[in-house]
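Visitor: Requesting a structural model of the entry that follows:
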Amino acid sequence: MTNIGDYLLAEVILWFIYATIIIVAIVMVWSVVRSLRNRTDSIAESNRVPRRKIAYGVAITTLLFLTIACLAGSSTPIIINGISYTDRFWLKTTDGLITVSLIMMVVAACFVAYGLSGINRRIHQKK
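Guide: Residues are numbered from 1 along each chain as shown. Predicted structure coming up:
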């Protein structure tokens, strides 16, 4: 038999998690919009680095990856500690977040390797 206090505490923690997710999403959207609006044209491309294009590209690519991964994520029920989890939304969301984080780490590692290789500098020196 379970204690009613455990159930109430679990409900409080779940609502706290929901509130945190909503607050983080709002702050994220506000931060992206603010950073993209506050860029001036002089800062948009400094040292021949197209900062505005990179910022838009990263934001759009991240949202696109998250959307595709969450829609294509698996919703097959899982059993953890003898409890079957069947909530389709959370199964797809967690699968999508795990997939996107792995993809983004691989993409970041590829860009770091490209930056360290010096290929871009060698191409510009030949001209």
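Visitor: Give me the buried stretch members for the helix or strand hosting Ile103, please.
Guide: Using DSSP states H and E, Ile103 falls within helix 88-117. By neighbour count with 16 or more other CB atoms under 10 Å, helix 88-117 contains the buried residues Leu91, Lys92, Thr93, Thr94, Asp95, Gly96, Thr99, Val100. From N, CA and C alone the C-beta is placed, and that goes for glycine too.
Visitor: thinking the first one is in contact with Thr76, fair?
Guide: Yes: with contact defined as CB atoms under 8 Å, Leu91 and Thr76 form a contacting pair (7.3 Å).
Visitor: Just give me the residues shared between the contact sets of the two.
Guide: Common contact partners of Leu91 and Thr76 (CB atoms under 8 Å, 6 or more residues apart in numbering): none.
Visitor: Report the secondary structure state of Ile79.
Guide: strand (DSSP: H, G, I helix; E, B strand; the rest coil).
Visitor: so how far is the longest helix seen in the chain from its chain's centroid?
Guide: Selection of the longest helix in the chain by residue count, based on DSSP state H, yields helix 4-37. For helix 4-37, the distance from its own C-alpha centre to the chain's C-alpha centre is 15 Å (CA atoms, centre = their mean, to the nearest Å).
Visitor: Same check on stretch 111-122?
Guide: What separates the centre of stretch 111-122 from the centre of its chain is 25 Å, taken as CA atoms, centre = their mean.
Visitor: where does the chain have low pLDDT?
Guide: 1-7, 39-48, 120-127 (pLDDT under 70).
Visitor: Noted, bye for now.
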